[in-house]
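> here is a sequence together with a model predicted from it:
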Amino acid sequence: MEIIKNATKIEGFPRQSGLHAAGIIIDGEPLAKNLPTFKNNDLRVTQYEMSFLEEHGFLKVDILGLSNLTFIHNIITLVNEKYDAKLDFYNLTFDDPTIYDVIRNGHTLGLFQLESAGMRKAIATIKPTNFNDVCALLALFRPGPMQYIDEYAARKEGRSPITYLNDDLIDILKPTYGIMIYQEQIMQIAATMAGFSLGQADLLRRAIGRKDEKIILQQKDAFLAGAKKRGYSAEDTAKVFNDILRFADYGFNKSHSVVYAMTTMALALLKTRYPYEFYQELLRGLVSDERKFQLARQELKAFNISISRPCVLKSTTEFIKINDTLNFPLSAIVGINRESVNIIIKLRDEKAFKSVQDFFFRVYKAGITSDEIVALIEAGALDSFDPNRAYLKALFSAYLPTLEI
């Protein structure tokens, strides 16, 4: 009883605060004027939940911060600097069939949303050949609609008949082979069959997604009445509404799918047309991930690109194109820090290394440690002087006492 008595004192209080990963609340005035707020890691956060805020007229938008956009920007910058290509993310077009060959062949490393084994299996099933297929793929590869992946592929390839709930829905469902995939399709169906305004249709979509039984029942009555006025049979109307109910719970926004697909296809295009620049940027973040690095090397073989060993005479702190290879950076060698690499590059730029002895003398006197020099030898970065690494290590050991004088 004591526990219950004390529990009633805190009943109804917030248990904890939460922070949406991308939700931004917008108002015409500073939020603190109209809302209780608090600070969370220097971010001002509302103390009301998003549903309450939306009901009271505040605008909530989700702004996702994707590292993939930085990835795209960096590749485009490299391409524009090297080839004066004047590429612009917003002007890219995705009608080149070879772009989709890269995706269908499973070369999806670095492609937004397409890297997982499950997604590669879905790709092998759907075999995307155009932008709409990629949009559908991204919308279908989620727990609810995943069951329709095989059916989408069968209808796309003509192995299964394309059927529609009624002829008036052909224009709405034709792009997805008669399958409801997007939430916008629900809204279009409600407008076509029941005469809903797009605002009413959106209320229906949101009510179903939130499982708001009261509003769903209100909207169902309005849907049935509107469809009856338009001459649809009660049986057809009920079937359509039940399909909407079943689907809308996990339906995806086409608007989301399209912008996701734009990101995916921008990367696929860059990977297809500018593989050196694409992998140059991709490999930068993979050198510490051995599994993904090996996957990248396997993919590079399909593009006839190899990774060449590091070399103190030409390698830098980044992967760079040398002939038909991507050259491994000095800074990615285990056992040497980036500052030491910068010193070596500075010395090289001031005056080329004439011999291995010249290299040993100048870098050691500049502060590069003996362990770092050995690491460079073992990584093959001194092979240009002599490919016999055991000899180079022995030579350095013999030369070291004179360096320490």
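Nice, thanks for sending it over.

> who's in contact with the residue most central in space within the chain?
The chain has F112 as the residue nearest its centroid, 3.1 Å off, counting by Cα atoms, centre = their mean. Residues in contact with F112 (Cβ atoms under 8 Å, 6 or more residues apart in numbering) are 66, 68, 260, 263-264, 267. (Glycine included, C-beta is placed from N, CA and C.)

> swap the cut-off to 6 Å and go again
68, 263-264, 267 (Cβ atoms under 6 Å, 6 or more residues apart in numbering).

> what does D236 give?
N166.

> tell me where this protein has strands.
23-26, 37-40, 43-46, 59-62, 306-308, 320-322, 325-327 (DSSP state E).

> mean neighbour count, distance to T237 and mean pLDDT added to those, as TSV?
Shown next, in TSV, are the strands of the chain (neighbours: other Cβ atoms under 10 Å; distance: least, Cβ to Cβ, whole Å; pLDDT from 0 to 100):
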stretch	mean neighbour count	distance to T237	mean pLDDT
strand 23-26	13	36	87
strand 37-40	12	46	83
strand 43-46	15	41	85
strand 59-62	11	33	86
strand 306-308	15	62	95
strand 320-322	15	62	93
strand 325-327	20	60	96
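
> in TSV, list those along with distance to K365.
TSV is the format used below for those (distance: least, Cβ to Cβ, whole Å):
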stretch	distance to K365
strand 23-26	55
strand 37-40	52
strand 43-46	50
strand 59-62	56
strand 306-308	29
strand 320-322	27
strand 325-327	26
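
> distance of the residue lying closest to K86 once chain neighbours are set aside relative to I4?
The shortest distance from K86 to any non-neighbouring residue, by Cβ to Cβ, 6 or more residues apart in numbering, is to N80 (6.3 Å). From N80 over to I4 the distance is 69 Å, taken as Cβ to Cβ, to the nearest Å.

> which of those two has more neighbours?
Ranked by neighbour count (other Cβ atoms under 10 Å), N80 and I4 place N80 first, with 14 against 8.

> any low-confidence regions in the protein?
405 (pLDDT under 70).

> looking at it, which helix is longest?
helix 254-273 (DSSP state H).

> so which bits of that helix are buried?
254, 256-258, 260-272 (16 or more other Cβ atoms under 10 Å).

> can you map out the helices along the stretch 251-400 of the chain?
Along the stretch 251-400 of the chain, counting by DSSP state H, counting those that start in this stretch, helices occupy 254-273, 275-284, 290-302, 338-350, 356-365, 370-378, 389-403.

> about what we covered before: which one of the contacts of F112 is nearest to K365?
Among the contacts of F112, N68 lies closest to K365 (Cβ to Cβ), at 44.2 Å.

> quick revisit: farthest pair in the contacts of F112?
N68 and T264 (8.6 Å).

> so which of the helices of the stretch 251-400 of the chain is nearest K321?
Closest among the helices of the stretch 251-400 of the chain, once you apply Cβ to Cβ, is helix 275-284, at 4.7 Å.

> who are the packing partners of the closest one?
helix 67-83 (3 or more Cβ pairs under 6 Å, 6 or more residues apart in numbering; DSSP states H and E).

> let's go with 10 Å and repeat that
helix 67-83, helix 254-273, helix 290-302, strand 320-322, strand 325-327 (3 or more Cβ pairs under 10 Å, 6 or more residues apart in numbering; DSSP states H and E).

> got the contact list for the closest residue to L403 other than its chain neighbours?
With Cβ to Cβ, 6+ apart as the criterion, L403 has its nearest non-adjacent residue at 4.7 Å, and that residue is Y364. When contacts are counted by Cβ atoms under 10 Å, 6 or more residues apart in numbering, Y364 touches 370, 372-373, 396, 399-400, 402-404.

> would you mind extracting the C-alpha trace of stretch 249-260 into CSV?
Only the C-alpha atoms of stretch 249-260 are listed here, as CSV (Å, rounded to 0.1, in the frame of the first residue of the first chain):
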residue,chain,number,x,y,z
ASP,A,249,0.0,1.5,-41.6
TYR,A,250,3.3,0.8,-43.3
GLY,A,251,3.1,2.9,-46.5
PHE,A,252,6.0,5.1,-47.4
ASN,A,253,5.9,8.7,-48.6
LYS,A,254,6.8,8.9,-52.2
SER,A,255,8.3,12.3,-51.6
HIS,A,256,10.8,10.6,-49.1
SER,A,257,11.5,7.7,-51.6
VAL,A,258,12.2,10.1,-54.4
VAL,A,259,14.7,12.2,-52.6
TYR,A,260,16.3,9.1,-51.1
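
> let me have the contacts of Y364 in CSV, extended by neighbour count and distance to F319.
Output for these, formatted as CSV (neighbours: other Cβ atoms under 10 Å; distance: Cβ to Cβ, whole Å):
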residue, neighbour count, distance to F319
S370, 14, 27
E372, 20, 20
I373, 27, 23
F396, 21, 27
Y399, 15, 31
L400, 13, 32
T402, 11, 36
L403, 15, 31
E404, 7, 35
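
> from these, which single one is nearest C135?
Nearest member of the contacts of Y364 to C135, counting by Cβ to Cβ, is E372, at 50.1 Å.

> wait, the closest one sits on S331?
No: the pair E372 / S331 is not scored as a contact, 11.7 Å apart, by Cβ atoms under 10 Å.

> joint contacts of the two?
Joint contacts of E372 and S331 (Cβ under 10 Å, 6+ apart) are 337, 340-341.

> by neighbour count, which of those wins?
Ranking the shared contacts of E372 and S331 using other Cβ under 10 Å puts V341 first, with 24 neighbours.

> list the contacts for T125?
Applying Cβ under 10 Å, 6+ apart, the residues contacting T125 are 137, 140, 149-150, 152-154, 156.

> now it: how far from L111?
17 Å.

> could I have stretch 142-162 exported to CSV, CA atoms only?
Taking Å, rounded to 0.1, in the frame of the first residue of the first chain, the C-alpha atoms of stretch 142-162 are listed here in CSV:
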residue,chain,number,x,y,z
ARG,A,142,11.0,-2.3,-45.0
PRO,A,143,9.3,-4.7,-42.6
GLY,A,144,5.7,-4.2,-43.7
PRO,A,145,5.7,-3.9,-47.5
MET,A,146,8.7,-6.3,-48.0
GLN,A,147,6.2,-9.0,-48.7
TYR,A,148,5.4,-7.3,-52.0
ILE,A,149,8.9,-7.3,-53.4
ASP,A,150,8.5,-10.7,-55.2
GLU,A,151,5.0,-9.7,-56.6
TYR,A,152,6.4,-6.3,-57.8
ALA,A,153,9.2,-8.1,-59.6
ALA,A,154,6.8,-10.7,-61.1
ARG,A,155,4.4,-8.0,-62.4
LYS,A,156,7.3,-6.0,-63.7
GLU,A,157,8.7,-9.0,-65.7
GLY,A,158,5.2,-10.1,-66.9
ARG,A,159,5.2,-13.3,-64.9
SER,A,160,2.2,-12.2,-62.9
PRO,A,161,-0.9,-10.3,-64.2
ILE,A,162,-1.3,-6.7,-63.3
